[in-house]
Every structure is written in structure tokens, then in C-alpha cells.
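Q: Predicted model and sequence follow; I will ask about them next.
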Amino acid sequence: MNNDLTDIKKRILEEDRLKEILNLMECEEVKFKNNRFEAMLPPKFNSDSTRSVQAYQNENISCRIRTRSVSNIDIFDLISYIVFDCYDDNSIHKCLPKSKRWLCEKLGYDEYLNGFARTEPKKDHLRWLHDLKRKRSKQKHQIKENEIFDDSILSQFVMYPHVKYLDEGIEYKTQLEFQIGFDIQSERLIYPIHNQFGEIISVKGRTLELEYELKNIPKFLYLIPFNMMYEWYNWHRAMYYIIEAKEVIIYEAEKTSWLSTQFGIRNCLSIGGGDISEFQVQLIKSLGMEIKIVLAYDKDKTAEDIKKQAKKFGNTRSVFAMWDGRKVFSADEKHSPTDLGEEAFKQLYEDRHQYRII
């Protein structure tokens with residue numbers, strides 16, 4: 001069966017049918033971006049994120065569901081989750097034959113339905129066209145290192161602190177440190193994204209439109225596309241403090257790192273989302289065994305969500321959760337660890353070693 005799965009994935013890529021599969025699963029707003037397809041979960045999941053589902057154009061067709069902290073899965077696992085409502089590793093594994101059958105029936109791959117591939121494949125009179133398409137597809141979807149931009153790229157923006165962030169508790173000097181600015185053209189607050197060496201690789205923008213959800217406007221977007229899986233936000237600033245403290249605090253949003261730094265806790269990084277990539281895991285591991293890892297997720301994430309991320313670091317690292325045991329923060333409001341001010345944050349921070357995951 002494993003050979004079948006490999007052959008099916010190869011055929012999907014050769015025939016460029018990944019977008020079609022996402023549509024068949026009733027995913028919405030399917031779009032190609034860099035080296036992957038992104039989409040919104042089907043309506044039954046009640047999700048409004050257009051980047052929730054991500055399916056990569058690699059030979060394994062790696063997938064993840066950002067808003068559900070589901071990663072390290074392939075296209076068959078994604079079908080199990082979305083089509084057959086299998087939400088844990090065990091049920092996803094058991095559902096594999098059913099997911100394979102669903103996919104083969106939808107795509108007309110009848111030769112794989114009996115558990116083995118057809119020994120005498122049909123003659124493909126358009127093989128030359130498929131080969132040409134595959135070559136072009138590989139050229140188009142090739143993974144590249146993030147492009148580096150000179151600091152002068154920020155000259156196109158108004159690089160001064162903004163009253164919006166002042167109202168949210170982010171002090172003037174903190175905004176200067178993290179290079180908060182404003183883009184007149186897109187009418188968004190902006191800040192640069194750096195790689196681990198401190199070089200600018202992107203600029204992220206936040207809308208000032210209060211009714212952005214009603215108007216279907218993304219709250220955040222990258223004004224310069226890049227592959228966020230390869231980077232940790234704030235790595236180049238926090239490295240010294242992480243090594244000195246022998247501990248790294250991992251937040252979801254960049255803003256949480258700003259306020260954490262403002263509150264005196266500088267050994268912090270942000271994912272820029274909710275799901276930690278394998279590359280990001282390896283960067284943390286490269287700092288050494290003695291580095292404690294503290295996952296400080298927003299309040300709307302469940303214990304299972306956090307445990308799933310913790311497992312990515314293996315069983316030889318000390319991983320803790322900054323967990324709201326005092327019941328101060330609100331899941332409905334999706335509070336981050338810094339949203340209720342310095343005093344509430346410091347209480348949460350002081351309790352961080354009480355909740356060890358690994």
C-alpha cells in the first residue's frame with residue numbers, strides 16, 4: 001500500500017491536481033502562494049482564515065492546518081481530518097484506507113482501488129505534455145531562500161511610532177526598537193521581519209480598518225512575500241538573552257514579543273502564527289540541551305494544541321507551558337500573555353515552570 005501512496009502523490013503532482021483536491025474537500029478560497037496552496041477550511045469548521053489549510057508542492061505533499069495546530073501530515077491525513085472528521089493521530093492513521101479510496105474515486109484513479117497498482121498501465125498519448133507541465137511546475141514551485149533587502153527599503157514608509165499602538169500599551173521607545181512605521185499606500189501599520197542574522201526579508205502590515213472582518217479585509221498581510229517556516233521573529237535581538245537565561249519563551253504574535261521585551265523579558269521569540277515548523281524546531285535545538293523551552297500561546301489554544309507543538313521538540317528537551325492556572329485571561333477574547341498588562345503577565349511568567357509538558 002505504501003508504494004501505492006507514493007505513486008498516487010507523484011501522479012497528483014505530475015497532473016497538477018492539488019488545487020482540485022482541495023476544492024473537492026470543499027475548502028474555500030484556494031490560492032497558490034510561493035511553494036504551496038492555501039485555503040479556508042470548509043464551512044462546517046466555522047473558520048474564517050483564508051490561510052488555514054496549507055498543502056505543499058513537495059513529493060510527500062506535506063500539509064498542515066494552521067488554525068488547528070495540525071502539522072506533519074500528508075494529503076491523505078488531510079482528507080481524514082477534513083472529510084472524515086478524524087482529529088487525533090490514532091483515528092487519522094486508521095482512516096488511511098478510507099481516505100485513499102475517497103481520493104482515488106474522486107480523481108478516477110481506479111487502478112489503485114484494489115490495493116495495488118495496475119500492472120499494465122494505459123498508454124498515455126499525452127505523456128509528452130505531462131512531462132513538459134511537470135518540468136515547468138518544478139521551476140515555478142522551487143523552494144528558494146528568502147530574499148534579503150537593504151535597510152533602505154524602509155525609506156518608503158513613515159518610520160515613526162503610531163498612536164494606535166500607543167493606545168494598546170506599546171511605548172514609544174518599544175516601537176522605535178521594533179521599527180514600527182506606517183505605509184501610506186496600503187494604509188497599514190508596518191514592521192520589518194528579519195532573518196536570524198538581522199537582515200530584512202519582509203515587511204508585515206496591520207490594517208487600521210475596525211470592521212476588517214465584515215469587509216473581508218485581512219487584519220495582517222505581508223507586503224513582501226517570504227517563507228515564514230524558515231524564520232523566528234525576533235531571533236537576532238533575543239539570541240543573547242536566550243543564551244544568558246538558558247530559556248526561550250515562544251509566543252504566537254509579534255506584538256507579544258514587543259510587550260514582553262517592554263516588560264523586561266527579552267529572551268522571547270514569535271512564530272508569526274500558531275504552528276511551529278520543523279526548521280524552527282531545529283534552530284531552537286541548535287542552541288543546546290540546557291535551553292528550557294516555554295510555550296506561551298494565546299488563551300484560545302487548548303492544552304492539546306500546546307502539547308502537540310511541544311512534542312515536536314522530542315523527549316530530551318525541557319518544555320513548559322505558560323498556562324493560565326489562575327483563570328485571569330479570556331479564551332473568548334483570545335488574550336495573549338501580555339494583553340492584560342504587565343502585572344498579569346508577570347504572574348503568568350512566574351508560574352511558567354509549574355506546567356511542564358516534557
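A: Right, received. Where do you want to start? Residues are numbered from 1 along each chain as shown.

Q: Break this protein into its domains for me.
A: Here the chain is described, according to automatic domain parsing, as comprising the domains 2-141, 151-230, 235-354.

Q: which one of those domains has the most crowded surroundings?
A: Of those, the one with the most neighbours on average (mean count of other CB atoms under 10 Å) is domain 235-354, at a mean of 18. Every C-beta, even on glycine, is put in place using the N, C-alpha and C of the backbone.

Q: got the end-to-end distance for it?
A: Between the start and the finish of domain 235-354 there is a gap of 26 Å, counting by CA to CA, to the nearest Å.

Q: Equivalent analysis for stretch 350-358, please.
A: From the first residue to the last, stretch 350-358 extends over 19 Å; the measure is CA to CA.

Q: got a list of contacts for it?
A: 249, 294-296, 306-307, 310-311, 313-315, 317-323, 325-326 (CB atoms under 8 Å, 6 or more residues apart in numbering).

Q: try stretch 89-107
A: Counting by CB under 8 Å, 6+ apart, stretch 89-107 makes contact with 1, 4-5, 8, 12, 17, 20-21, 24, 73, 75-77, 79-81, 83-84, 86, 109-110, 112-113, all of which sit outside it.

Q: and that stretch, how far out from the chain's middle?
A: The offset between the C-alpha centroid of stretch 89-107 and the centroid of the whole chain comes to 24 Å, using CA atoms, centre = their mean, to the nearest Å.

Q: Now it - C-alpha only, PDB.
A: Backbone C-alpha positions of stretch 89-107 (Å, rounded to 0.1, in the frame of the first residue of the first chain) are rendered in PDB as follows:
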ATOM      1  CA  ASP A  89      -3.300  10.800  15.400                       C
ATOM      2  CA  ASN A  90      -4.800   7.300  16.000                       C
ATOM      3  CA  SER A  91      -8.100   7.900  14.100                       C
ATOM      4  CA  ILE A  92      -6.200   9.600  11.300                       C
ATOM      5  CA  HIS A  93      -4.000   6.600  10.900                       C
ATOM      6  CA  LYS A  94      -6.900   4.100  10.900                       C
ATOM      7  CA  CYS A  95      -8.700   6.200   8.300                       C
ATOM      8  CA  LEU A  96      -5.900   5.900   5.800                       C
ATOM      9  CA  PRO A  97      -7.600   3.200   3.600                       C
ATOM     10  CA  LYS A  98     -10.800   5.200   3.500                       C
ATOM     11  CA  SER A  99      -9.000   8.400   2.600                       C
ATOM     12  CA  LYS A 100      -7.100   6.600  -0.200                       C
ATOM     13  CA  ARG A 101     -10.300   5.200  -1.600                       C
ATOM     14  CA  TRP A 102     -12.100   8.600  -1.500                       C
ATOM     15  CA  LEU A 103      -9.200  10.300  -3.300                       C
ATOM     16  CA  CYS A 104      -8.900   7.600  -6.000                       C
ATOM     17  CA  GLU A 105     -12.600   7.600  -6.600                       C
ATOM     18  CA  LYS A 106     -12.700  11.400  -6.900                       C
ATOM     19  CA  LEU A 107      -9.700  11.600  -9.300                       C
END
